[in-house]
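Colleague: build me a structure from this.
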Amino acid sequence: MLDPRDGRYRFRDLAAARQVAELLAAGVTLSVITKSLHAIEQWLPDAGLSRLKLYPAAGDAVLVEQLKGPH
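Modeller: I've put the predicted structure just below:
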């Protein structure tokens with residue numbers, strides 16, 4: 001999910017970390033987030049987390065919105 005280059009994180013990495021932090025703050029467990037991200041990679045292999053918005057759905061689910069526009 002996070003991919004440092006030359007020991008530095010890019011803006012998209014920080015945005016991904018923020019989304020994960022928001023999910024954790026909403027009560028979504030780390031195991032649910034991890035499972036959901038793995039499933040998203042299977043469904044949308046070329047999307048990249050920076051092109052997605054994740055929302056808490058329930059304690060055991062994450063909703064995904066694929067963002068439009070250039071990335």
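Colleague: skipping its backbone neighbours, what lies nearest residue 15 in space?
Modeller: residue 50 (5.8 Å; CB to CB, 6 or more residues apart in numbering). For glycine as for every other residue, the C-beta is placed from the backbone atoms N, C-alpha and C.
Colleague: thought the one you found was touching residue 17?
Modeller: No. Residue 50 is not in contact with residue 17 according to CB atoms under 8 Å; the separation is 11.2 Å.
Colleague: how about the strands in the protein?
Modeller: 52-58, 61-66 (DSSP state E).
Colleague: okay if I get those strands as a markdown table plus distance to residue 37 and mean neighbour count?
Modeller: As requested, these are exported to a markdown table (distance: least, CB to CB, whole Å; neighbours: other CB atoms under 10 Å):
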| stretch | distance to residue 37 | mean neighbour count |
| --- | --- | --- |
| strand 52-58 | 8 | 15 |
| strand 61-66 | 8 | 14 |
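Colleague: of those, which is nearest residue 38?
Modeller: Nearest of the strands of the chain to residue 38, taken as CB to CB: strand 61-66 at 11.2 Å.
Colleague: count the neighbours of residue 40 for me.
Modeller: For residue 40, the tally of surrounding residues (other CB atoms under 10 Å) stands at 18.
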